[in-house]
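[1] for reference, the sequence and a predicted model appear below.
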Amino acid sequence: MKHTAKANVNIALIKYWGKKNSEWNLPLTSSISVTLDKFYTITTVTYDNNLKEDILYIDNNLIVDSEFLRVKNFMDKIRQLYNIPYYAKIESMNYVPKKAGLASSASAFSALAKAATMAYNINLSDKELSSLARLGSGSASRSIYGGIVKWHEGFDHLSSYAEQISTIDDLAILICLVDTSEKKINSRDAMNTLNKYPKLKKEWILNTKDALESMEQAIFENDFESMGYILESHAKLMHYVIQETGITYLNHKSFEIIDLTEKIRNEGIPVFATMDAGPNIKIITKKEYIQKIISRYEKHATTLVSFVGKGVESI
Ligand code: PMV
């Protein structure tokens, strides 16, 4: 009745932005990510006959606000889907730098999906686990796997799942912390505003489908340069779309790092920028270039280094 699981965060190379179904968290398009090795969540779920409600601790703090509600709703879904008759004590530790623009909800819900099912002796396949984690947070569906991962948009609960599509492991990911203050609007609320812009939404879907196809081809051919150009332009496109819906995540520091990336690239080193629902910039490159570039980024921002990580695991 007790189980502990560990899951890493991931960064999207082809972004997920927007839902076609909110209840089941089905995305507008498929997406592709890389799982990191340095930033993770460890969660223990203990079912207890005596509990009248779930109890949640994050980083040793009792949580009772909207974060609790989100976890409780997720646990309700799990209880309903797998006929689990107990409430649980959930203890979660995040080893993800706060406000770094790394979606700790991805590692959190991925670890929780694994711990909450295994604690009741339900041994799901990774595919089923991925669909389940998706109900907590879309990007969590991808953190079930290591390496390069594709989340298939699907059309219902079980057809919307992720799978590993490559084990490329010579990548390095730099995270440039340009601003660690609270995000203005979370990705969930922000992506829903896209529904108010049907024309923009249609363009976003078409462009993302194209980018996804090209990215899959580049991954298949192990063509890092092409992967880089596609991921950077798709991230820029997402931020253009977000901007058009009246939300701004990037600031002048973010653009400074994007410009620096272009400069380094023009000197012949393959570095590419991507950014999510916040101002921090992630640089995708290969391990062999880190020593050459790290100090240049550090001049502008605190910079963390990560490599390619594994999928969710029991510990
Ligand atoms: O799954 P969420 O709600 O954390 O949304 C993730 C959205 C982005 O990080 C901006 C893109 C992505 O695909 O991870």
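    On my side now, so go ahead.
[2] and E288, how far from V64?
    Note on E288: its distance to V64, by Cβ to Cβ, to the nearest Å, is 48 Å. The way it works is simple: take the backbone N, C-alpha and C, and place the C-beta from them, glycine included.
[3] what comes up buried for the helix or strand hosting Q243?
    Assigning secondary structure by DSSP states H and E places Q243 in helix 224-244. By neighbour count, and taking 16 or more other Cβ atoms under 10 Å as the criterion, the buried residues in helix 224-244 are 224, 227-232, 234-235, 237-239, 241-242.
[4] now the element after it, going C-ward?
    In the C-terminal direction from helix 224-244 (assignment by DSSP H and E), the next one is helix 252-266.
[5] which parts of that next one are buried?
    For helix 252-266, a neighbour-count test (16+ other Cβ under 10 Å) marks K253, S254, I257, I258, L260, T261, I264, R265 as buried.
[6] and the ligand, is the following helix or strand past that helix touching that?
    Going down the chain from helix 252-266, the next helix or strand is strand 272-275, by DSSP H and E. No: no part of strand 272-275 sits near the ligand under the criterion Cβ under 6 Å from any ligand atom; the closest distance found is 8.4 Å.
[7] just the CA trace of strand 272-275, in PDB.
    Once side chains and other backbone atoms are set aside, the C-alpha atoms of strand 272-275 remain, and they are given as PDB (Å, rounded to 0.1, in the frame of the first residue of the first chain):
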ATOM      1  CA  PHE A 272      20.000  26.300 -30.400                       C
ATOM      2  CA  ALA A 273      17.500  28.100 -28.100                       C
ATOM      3  CA  THR A 274      14.200  27.000 -26.900                       C
ATOM      4  CA  MET A 275      11.800  28.600 -24.300                       C
END
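[8] report the separation between K202 and G138.
    Applying Cβ to Cβ, one obtains 20 Å for the distance of K202 from G138.
[9] who's more crowded, the two?
    More neighbours sit around G138 than around the other of K202 and G138, counting by other Cβ atoms under 10 Å; the figures are 28 against 11.
[10] roughly how far apart are that one and the ligand?
    According to Cβ to the nearest ligand atom, to the nearest Å, G138 and the ligand sit 4 Å apart.
[11] what do you get for K2?
    Between K2 and the ligand the distance is 27 Å, computed by Cβ to the nearest ligand atom.
[12] quick one, strands of this structure?
    Per DSSP state E, the chain has strands spanning 2-14, 19-21, 26-27, 31-48, 55-58, 61-62, 87-95, 148-151, 162-166, 171-177, 272-275, 281-286, 302-307, 313-314. These are given in chain order.
[13] so which of those gets nearest I219?
    Put simply, out of the strands of the chain the one that sits nearest I219 is strand 162-166, at 5.0 Å, with distance taken as Cβ to Cβ.
[14] now do that closest one against strand 31-48, angle only.
    Comparing the axes of strand 162-166 and strand 31-48 via axes from the mean of the first three to the mean of the last three Cα atoms, to 10 degrees yields an angle of 130 degrees.
[15] ok now strand 162-166, how far from the chain's centre?
    What separates the centre of strand 162-166 from the centre of its chain is 14 Å, taken as Cα atoms, centre = their mean, to the nearest Å.
[16] switch to numbering from 16
    Yep, numbering from 16; the last one is strand 177-181 now.
[17] where are the low-confidence patches of the stretch 216-330 of the chain?
    Scanning the stretch 216-330 of the chain for pLDDT under 70 picks out nothing.
[18] need the residues of it near the ligand, please.
    On the criterion Cβ under 6 Å from any ligand atom, the ligand has as its neighbours in the stretch 216-330 of the chain the residues D291, A292.
[19] in the stretch 216-330 of the chain, what residue is nearest the ligand?
    Distances from the stretch 216-330 of the chain to the ligand, computed as Cβ to the nearest ligand atom, single out D291 as the nearest residue at 3.7 Å.
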